[in-house]
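Asker: quick one, what's the 3D model for this:
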Amino acid sequence: MVKAYLLDNQDRSYSTDDLAKIGVLYFSLNPSSYENDGSLDKIMNERNYGHKSIVTINDTLPNFDQMLVKFFDEHIHLHEEIRFFLDGCGFFDVRNEKDEWVRIYLEAGDLIIVPAGLFHRFKLHDNMYAKVMRLFLKDTEPVWTAYTKSLPETSKMEAHLQYNEFIKKQFSL
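Answerer: Predicted coordinates for the structure are as follows:
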């Protein structure tokens, strides 16, 4: 089961319902049987995912140290970021409606969907290993392009503006 909490106040936990309010979706799948039990296929069909790839994040990854810095640099994507943890563990940090960091601990069996336009970052657990499946939409090329918050134009991108509208409606801001 997912463990999520405010980064500055670990006593303030977040449930999957709390995460869904900020657009982050969570699913629990069996990493040993997802290929045969239909659970991943169901999510892929319902959400129009068609491409998938598996990546192992550890010190054998080319430019490993630089990749870790890149993953932890606050950024958005133009499409959902979907990660299914097959082994190992890590943390996704996402911004909530108050612009506070929510840390989400993920391990084998956890699938997370971070909506387009939500500022977030990723950090490996201290064991420095995760094997994850990346899922991409059917009708797009499977690309992973991060737009960092440090670039002024990122906050003006359509995906981020649409995400902000979603949050305003969710929380009547």
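Asker: for the rest of this, base every contact and every neighbour count on C-alpha atoms.
Answerer: Noted.
Asker: could I get stretch 102-115 in CSV with only the CA atoms?
Answerer: Once non-C-alpha atoms are left out, stretch 102-115 reads as follows in CSV (Å, rounded to 0.1, in the frame of the first residue of the first chain):
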residue,chain,number,x,y,z
VAL,A,102,3.9,15.5,-0.8
ARG,A,103,6.4,12.6,-0.7
ILE,A,104,5.1,9.3,-2.1
TYR,A,105,7.1,6.2,-1.3
LEU,A,106,6.7,3.5,-4.0
GLU,A,107,7.9,-0.1,-4.1
ALA,A,108,7.3,-3.3,-6.1
GLY,A,109,3.7,-3.5,-7.0
ASP,A,110,2.9,0.2,-6.9
LEU,A,111,1.8,2.0,-10.0
ILE,A,112,1.6,5.8,-10.0
ILE,A,113,0.1,8.2,-12.6
VAL,A,114,1.3,11.8,-12.2
PRO,A,115,-0.9,14.1,-14.3
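Asker: identify all contacting residues around it.
Answerer: 1-7, 14, 23-31, 79-96, 163 (Cα atoms under 8 Å, 6 or more residues apart in numbering).
Asker: do that again at 6 Å, thanks
Answerer: 3-7, 23-31, 80-94 (Cα atoms under 6 Å, 6 or more residues apart in numbering).
Asker: and these, which are buried?
Answerer: If you count burial by 16 or more other Cα atoms under 10 Å, the buried members of the contacts of stretch 102-115 come out as 4-7, 23-29, 31, 80-94.
Asker: distance from the chain centre to stretch 44-54, please.
Answerer: Averaged C-alpha coordinates place stretch 44-54 at 15 Å from its chain's average position (Cα atoms, centre = their mean, to the nearest Å).
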